[in-house]
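# give me coordinates for this.
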Amino acid sequence: TGEFAWPAWILFGTVTFWLAGFDIIYACQDFDFDRKEGVHSIPARFGLSGALWLARLFHLITAAGFLTLFWMTNLSWGYLLGVVIALGILFYEHLIVKPADLSRVQTAFFTMNGALSITLFGFTLIDLMVLHQW
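Sure, this is the predicted structure:
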């Protein structure tokens with residue numbers, strides 16, 4: 001109908017910043033190669049510490065977006081509980097990856113993001129299918 005749906009755009013931006021944040025974390029593995037070969041990646045440009053701080057900033061924007069969706073829509077406490085758990089997973093993702101120790105990047109990138117997406121999807125689905133029935 002040509003309508004501008006703010007929640008859809010907020011979700012788009014939220015997921016974009018989430019993806020960009022975890023992609024920066026993943027790209028940290030290639031730091032040495034990127035610098036050696038002149039690849040203009042975020043870790044090569046800002047260093048590992050700077051790149052991980054940028055990923056944290058992007059994930060703070062992600063957190064704000066998921067919380068904004070709670071306030072903008074008719075989602076209830078089920079969704080909010082899923083968001084809280086998902087943000088805990090996101091926080092843990094940043095705890096396990098350090099500039100001096102990238103050994104857990106695979107866990108942060110694959111395992112934690114997989115758990116986050118399944119958690120958020122599951123709680124949102126329960127919220128919409130079960131809790132909105134009451």
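
# residues touching the residue positioned nearest the centre of the chain, list them.
Nearest residue to the geometric centre of the chain (CA atoms, centre = their mean): residue 18, 2.9 Å. Residues in contact with residue 18 (CB atoms under 8 Å, 6 or more residues apart in numbering) are 58, 59, 62, 90. Where you see a C-beta, it was placed from the backbone N, CA and C, and this is true even at glycine.

# pLDDT on the helix or strand containing it, on average?
Assigned by DSSP states H and E, residue 18 falls within helix 6-27. Mean pLDDT, helix 6-27: 97.

# if I look at the nearest residue to residue 96 once chain neighbours are set aside, how far off is residue 130?
The shortest distance from residue 96 to any non-neighbouring residue, by CB to CB, 6 or more residues apart in numbering, is to residue 104 (4.4 Å). Computed with CB to CB, to the nearest Å, the distance linking residue 104 and residue 130 is 35 Å.

# quick one, which of those two is more surrounded?
residue 104 (16 against 10; other CB atoms under 10 Å).

# for that one, phi and psi?
phi -110, psi 20 (degrees, to the nearest 10).

# so residue 35 is in contact with residue 46, correct?
No - contact between residue 35 and residue 46 fails when scored by CB atoms under 8 Å: they sit 11.5 Å apart.

# that older thread, other SSEs contacting the next helix or strand after the helix holding residue 18?
Going down the chain from helix 6-27, the next helix or strand is helix 31-37, by DSSP H and E. For helix 31-37, the packing partners by 3 or more CB pairs under 8 Å, 6 or more residues apart in numbering; DSSP states H and E come out as helix 42-72.

# can you name the element that comes right after the helix it packs on?
Following helix 42-72 toward the C-terminus (DSSP H and E): helix 77-96.

# okay, the angle between that following helix and helix 42-72?
With axes from the mean of the first three to the mean of the last three CA atoms, to 10 degrees applied, the angle from helix 77-96 to helix 42-72 works out at 160 degrees.

# now find how far off-centre helix 77-96 is within its chain.
9 Å (CA atoms, centre = their mean, to the nearest Å).

# pLDDT value on the closest residue to residue 48 other than its chain neighbours, please?
With CB to CB, 6+ apart as the criterion, residue 48 has its nearest non-adjacent residue at 3.9 Å, and that residue is residue 99. Reported pLDDT at residue 99 in the predicted model: 96.
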